[in-house]
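Novice: Next comes the sequence, and after it the predicted model I'd like to discuss.
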Amino acid sequence: MKSVQVSWARSADAHEGLPALLDPVERARYEATVDPATRNRFLVGCALSRRILGELLGVPPEEVPLRRACPTCGGPHGKPRLAVPAGYDFSVTHSGDVVGVAVCRGAEVGLDVEEAGTALDVDAAARTALSPRESAALYALPPAERKPAFLRVWTRKEAVLKALGVGLRAPLRELEVSAPAASPTVLAWPDLLGDHPGTTLTDLTVDGVHPAAVAVTTGVRTPS
């Protein structure tokens with residue numbers, strides 16, 4: 001597996017000096033966000049990623065060249081990427097107060113975290129996101145264990161989709177991962193995404209309670 005640098009912060013780390021690090025697209029989104037908690041998460045995520053990438057590239061954080069392009073509409077709200085061929089990919093995630101950034105060189109990377117205390121209707125979420133085999137594994141567990149088990153599976157799926165840059169547009173039930181207690185791996189790919197044999201998954205836990213996952217993909221084999 002390629003080496004991945006993962007860094008964590010808190011939305012409470014936001015301060016008045018950070019907006020100066022944002023580019024015009026980021027600043028416009030930041031200023032247009034009304035909810036203070038969402039504003040702070042976005043600000044900290046942008047600032048943390050810029051500081052890490054700036055150190056790697058040897059430039060000030062505010063000068064890190066980024067681009068965003070939605071693969072569907074071309075708008076400036078897709079997965080952020082470096083606008084220069086430096087060989088680094090990165091992924092930003094946040095849930096509740098937790099903000100994370102993963103950076104990898106020579107491969108695509110996706111990072112996801114879910115706050116353990118988040119309100120969740122496990123039954124409804126499972127119907128939307130889990131394959132029949134994943135659902136069977138979930139409901140074989142005692143009721144008290146189902147929420148953390150679902151969040152573990154969810155972080156794996158979202159990390160993979162973020163590494164591929166497709167987000168939640170992909171059919172979640174067709175992207176199948178291993179059972180929560182098993183070593184993390186992708187078992188089945190949606191036809192829409194093709195097959196990505198070079199993908200690896202790693203489970204993480206933040207502060208001992210919040211499930212997270214990082215995915216790295218180095219190759220693609222599209223369907224014939």
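Specialist: On my side now, so go ahead. In this text, all values refer to a predicted model and were calculated from it rather than measured experimentally. Residues are numbered from 1 along each chain as shown.
Novice: I'd say Leu48 and Val103 touch.
Specialist: No - here Leu48 does not reach Val103: they are 10.3 Å apart, not a contact under Cβ atoms under 8 Å. Just so you know, the C-beta spots here come from the backbone N, C-alpha and C atoms, and that holds for glycine as well.
Novice: which intervals of this structure have sub-threshold pLDDT?
Specialist: For the chain, residues meeting the criterion pLDDT under 70 lie at 1, 69-78, 168, 219-224.
Novice: Domain boundaries for it, per the record?
Specialist: The chain is divided into the following domains under automatic domain parsing: 1-106, 107-224.
Novice: TSV for these, including mean neighbour count?
Specialist: Shown next, in TSV, are the domains of the chain (neighbours: other Cβ atoms under 10 Å):
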stretch	mean neighbour count
domain 1-106	17
domain 107-224	18
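Novice: Can you give the contact residues for the helix or strand hosting Val44?
Specialist: Here Val44, judged by DSSP states H and E, is contained in helix 36-57. The contact list for helix 36-57, computed with Cβ atoms under 8 Å, 6 or more residues apart in numbering, reads 5, 7, 9-14, 18-19, 21-22, 26, 29-30, 33, 60-64, 66, 80, 82, 84, 86, 88, 90, 92-94, 99, 101, 103.
Novice: Those in helices, which ones?
Specialist: Glu26, Arg29, Tyr30 (DSSP state H).
Novice: And the last one, how close does it get to Ala116?
Specialist: So that's Tyr30. Relative to Ala116, Tyr30 is positioned 27 Å away (Cβ to Cβ, to the nearest Å).
Novice: The second one too?
Specialist: Taken as Cβ to Cβ, the spacing of Arg29 relative to Ala116 amounts to 28 Å.
Novice: do the same with Lys157
Specialist: For Lys157 relative to Ala116 (Cβ to Cβ), the value is 17 Å.
Novice: how about whichever strand or helix holds Arg127 as PDB, C-alpha atoms only?
Specialist: Assigned by DSSP H and E, Arg127 belongs to helix 122-129. In PDB, the C-alpha atoms belonging to helix 122-129 read as follows (Å, rounded to 0.1, in the frame of the first residue of the first chain):
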ATOM      1  CA  VAL A 122     -29.800   2.000  11.100                       C
ATOM      2  CA  ASP A 123     -32.700   0.200   9.400                       C
ATOM      3  CA  ALA A 124     -33.400   2.900   6.900                       C
ATOM      4  CA  ALA A 125     -29.700   3.500   6.200                       C
ATOM      5  CA  ALA A 126     -29.100  -0.300   5.800                       C
ATOM      6  CA  ARG A 127     -31.900  -0.500   3.200                       C
ATOM      7  CA  THR A 128     -30.200   2.300   1.200                       C
ATOM      8  CA  ALA A 129     -26.600   1.400   1.500                       C
END
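Novice: Noted, bye for now.
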